[in-house]
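J.: this is a predicted model, with the sequence first.
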Amino acid sequence: MQIDVKQLSERVRNGHAGSLARLISLIENAEPQAVEVLETLEDRRGSAQIIGITGPPGSGKSTLTNRLVGALRDRGETVGVLAVDPSSTFTGGALLGDRTRMQSLATDPGVYIRSMGTRGSLGGLSRAVFDAITAVEGSGKTHILVETVGVGQSEIEIASIADTVLVLFVPGLGDDIQAIKAGITEIGDIFVVNKADLKGASRIKTILENNLELEPTNGDWKPPVMLVSAETGDGLAELVHKMDCHFRTLSESGRLHERRKRRHQGEVVAILQRCLADRIANFYDKQSEKKDVDVEKPRAVANAIWESLTDLEDGGE
Amino acid sequence: MSDRRIRVLIAKPGLDGHDRGAKVLARAMRDAGFEVIYTGLRQSPEQIVNAAVQEDVDVIGLSILSGAHNHLFPKIMELLEEQEASDVLVIAGGVIPEQDIETLREIGVSRVFTPGTSTQEAIQYIEEQVGGSDACKST
Ligand SMILES: Nc1nc2c(ncn2[C@@H]2O[C@H](COP(=O)(O)OP(=O)(O)OP(=O)(O)O)[C@@H](O)[C@H]2O)c(=O)[nH]1
Ligand SMILES: [Mg+2]
């Protein structure tokens, strides 16, 4: 595929939806030109506020995203949405249905929505999501909402990308205590009990609040638990207000910089992991061509390969 | 080191409220390794085309029952052209009378699948037209 890097970059910067879409495809397809275009957009990194939205399947993440985008648009912000769903491990295919809840946004030129499968990244966030965020920032959007389903690792990873993380709960998810997965209370900046129009919402809120009491406080921010109905819109204005408060607190305390550094670290590590994995696989192939590797001894072979690669010591000392 | 996937947008324009057929097809396509973006019922041509552009799909699959194809399809093709997305393959499925199929093909709908077509046939057609999900294929 012939790509004019300069032209594509210009058009993305001008907010041209088709060009941003094409760039994200290049990223997803791991085409080398993607890196070239991304490098031209790096001056815009950090220009958007990144909001992660995670929670169990069917908890209303997309419905809430639709509402939040509406609220942000009402005050003139421009918004990118990345809706990430798991790809099948066997076929690599994916059914991406989040747009069904966001139909009314499809004709708004100030909104860009992209559905992404996780593709190769085992149960976690697509490696491409990091780069897609840079692409959307490059297009000049002021806010980026990333929806990920809260199973496996993706919710932990979202915390390493987003400035503000919303974690959704819903009433009626079986055993109340079980519903609060270990670790989940550590990653949320705001906890949303969605479907508050249904019975049992305030009970979940109380249980969550009791759980949060036990967490060590994270500096100057105490994660609130909010009752919201994405369906009716109840509690939405309060939620948006809290999101603003959180972002302001982050900015004022200097912790925003910390978060962004964490995102940066995640990206650097992800890039290196990929290079290293490729290099190791190559090395293995070469070695096994030269001599028979002992297939019964994966650990010994791995150790031998590791020793012949560069030593990476902590902090490079 | 390319990792290409066929991306398909499944949309249901018009006013009728059944999407069972579209959902069956969407699932079969996922199982064939496609990334299927499902956009739901009652889509306007503007919504469909904007979604197709933002999602950078290779294919738009339109499922239709209500006989509204005669004005919806020309509008969709026109908007695709306007948004520099005429290279997207447009296919349709549903109850569409024989004489209308010819008209649809003339305005650029690449293939019309009538009821009774197997999902495999549609999948195979797409693979032939836009290339498999294999890493070595390119557009
Ligand atoms: N009663 C009620 N239903 C809701 C509310 N929010 C969402 N729903 C419904 O819950 C269902 C799932 O909503 P989605 O927004 O698709 O949920 P999701 O978390 O994005 O789902 P996945 O992406 O599939 O994990 C839909 O039928 C919504 O209409 C709410 O506040 N109250
Ligand atoms: Mg969703």
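T.: Great, that's in hand. Ligands and ions are numbered 1, 2, ... in the order given.

J.: residue 33: which element?
T.: Going with chain A. Per DSSP states H and E, A:Q33 falls inside helix A:32-41.

J.: repeat that for A:P223.
T.: Using DSSP H and E, no helix or strand contains A:P223.

J.: so, low pLDDT: which residues of the stretch 51-200 of chain A?
T.: A:121-126, A:151-155, A:173-182 (pLDDT under 70).

J.: let's see it at 50
T.: A:123 (pLDDT under 50).

J.: what segments of it are helices?
T.: Secondary structure of the stretch 51-200 of chain A (DSSP state H, counting those that start in this stretch): helices at A:61-74, A:127-138, A:154-161, A:176-179, A:184-187.

J.: let me have the ones you listed in JSON lines, extended by mean neighbour count and distance to B:V112.
T.: Where C-beta positions appear, they are placed from N, C-alpha and C, glycine not excepted. JSON lines is the format used below for these (neighbours: other C-beta atoms under 10 Å in any protein chain shown; distance: least, C-beta to C-beta, whole Å):
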{"stretch": "helix A:61-74", "mean neighbour count": "20", "distance to B:V112": "31"}
{"stretch": "helix A:127-138", "mean neighbour count": "24", "distance to B:V112": "34"}
{"stretch": "helix A:154-161", "mean neighbour count": "22", "distance to B:V112": "39"}
{"stretch": "helix A:176-179", "mean neighbour count": "12", "distance to B:V112": "47"}
{"stretch": "helix A:184-187", "mean neighbour count": "17", "distance to B:V112": "48"}
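
J.: quick one, which of these is nearest to B:S110?
T.: helix A:127-138 (28.9 Å; C-beta to C-beta).

J.: got the angle for that closest one vs helix A:32-41?
T.: Angle, helix A:127-138 to helix A:32-41, by axes from the mean of the first three to the mean of the last three C-alpha atoms, to 10 degrees: 40 degrees.

J.: can you map out the strands along the stretch 201-317 of chain A?
T.: For the stretch 201-317 of chain A, applying DSSP state E, counting those that start in this stretch gives strands covering A:225-227.

J.: near ligand 1, which residues of it are found?
T.: A:229-231 (C-beta under 6 Å from any ligand atom).

J.: between those residues, which is closest to A:E42?
T.: Using C-beta to C-beta, those come closest to A:E42 at A:A230, 34.6 Å.

J.: count the neighbours of that closest one for me.
T.: When neighbours are defined as other C-beta atoms under 10 Å in any protein chain shown, A:A230 has 26 of them.

J.: got it, and the one 4 residues further on?
T.: Other residues within reach of A:D234 by the criterion other C-beta under 10 Å amount to 13.

J.: and B:A52, by the same measure?
T.: Around B:A52 there are 29 other residues, counting by other C-beta under 10 Å.

J.: residues contacting it?
T.: Residues near B:A52 by C-beta atoms under 8 Å, 6 or more residues apart in numbering or on different chains: B:9, B:60, B:80, B:85, B:88.

J.: hang on, A:L198 packs against A:F169?
T.: No: contact criterion C-beta atoms under 8 Å: A:L198 and A:F169 do not qualify, at 11.8 Å.
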